[in-house]
Structures are given as structure tokens and as C-alpha cells.
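1. Provide a 3D model corresponding to the input given below.
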Amino acid sequence: MLVQLPSKFLLTIGVLMSLVYCTRSSSKPIQAEHINFAEAMSQWENQKFSMFIHWGLYSIPAGVWNEQQINGY
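-> Next up, the predicted model:
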């Protein structure tokens, strides 16, 4: 025999389980590490990491300014 549970009951159980899961504490606190800024910058420059973001209204014409093609990007 299959028992059908009310949806409010299932919702309540789901919310309670979510709250219990979300409020669990981590096993150990995070410790701040001492970071040597000069060494970190040197590594960053050696890895050639960069980020190019092109978005918004200026990304639509893509290289056009005052109805003139802009070269040299």
C-alpha cells in the first residue's frame, strides 16, 4: 500500500533538512596566509595572466568611433 504524503509536509521536511545542512559548521577555521606581494606579482607577470573585458554599448560597434573605423587594437 502506497501512502501519499501531503505536499505541505514534504515542503516542511525539505526546508528543515536544508536549514540543518546549511547551518553545519566547517571542520576547521580558515587561517590567513602571509603572502609576499612582490613574489606574487612576479609570478603573475611571469605567467602572462591578463583579462580583457569588452562589453556594453561600446562593444556593439566594435572598433568604430564617430562613424570612422579605428585600427590598432
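
2. Around residue 7, count how many other residues there are.
-> Residue 7: 8 surrounding residues under other C-beta atoms under 10 Å. Placement of C-beta: from N, CA and C, glycine included.

3. Okay, it and residue 13: tell me how far apart.
-> 11 Å (C-beta to C-beta, to the nearest Å).

4. can you check residue 31 too?
-> Per C-beta to C-beta, residue 31 is found 37 Å from residue 13.

5. and what of residue 69?
-> 63 Å.

6. Have a look at these two and say which one is more surrounded.
-> Using other C-beta under 10 Å as the criterion, residue 69 and residue 13 rank with residue 13 on top: 11 against 8.

7. Restrict the one helix or strand that one maps to to CA atoms and write it as PDB.
-> Using DSSP states H and E, residue 13 falls within helix 7-22. Output of helix 7-22 as PDB, limited to C-alpha atoms (Å, rounded to 0.1, in the frame of the first residue of the first chain):
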ATOM      1  CA  SER A   7       2.800  18.400  -0.100                       C
ATOM      2  CA  LYS A   8       3.000  20.900   2.800                       C
ATOM      3  CA  PHE A   9       4.500  18.100   4.900                       C
ATOM      4  CA  LEU A  10       7.100  17.300   2.300                       C
ATOM      5  CA  LEU A  11       7.900  21.000   1.800                       C
ATOM      6  CA  THR A  12       8.300  21.400   5.600                       C
ATOM      7  CA  ILE A  13      10.700  18.400   5.800                       C
ATOM      8  CA  GLY A  14      12.600  19.800   2.800                       C
ATOM      9  CA  VAL A  15      13.000  23.200   4.400                       C
ATOM     10  CA  LEU A  16      14.100  21.800   7.700                       C
ATOM     11  CA  MET A  17      16.600  19.500   6.100                       C
ATOM     12  CA  SER A  18      18.000  22.400   4.100                       C
ATOM     13  CA  LEU A  19      18.400  24.500   7.200                       C
ATOM     14  CA  VAL A  20      20.200  21.800   9.100                       C
ATOM     15  CA  TYR A  21      22.500  21.200   6.100                       C
ATOM     16  CA  CYS A  22      23.200  24.900   5.600                       C
END
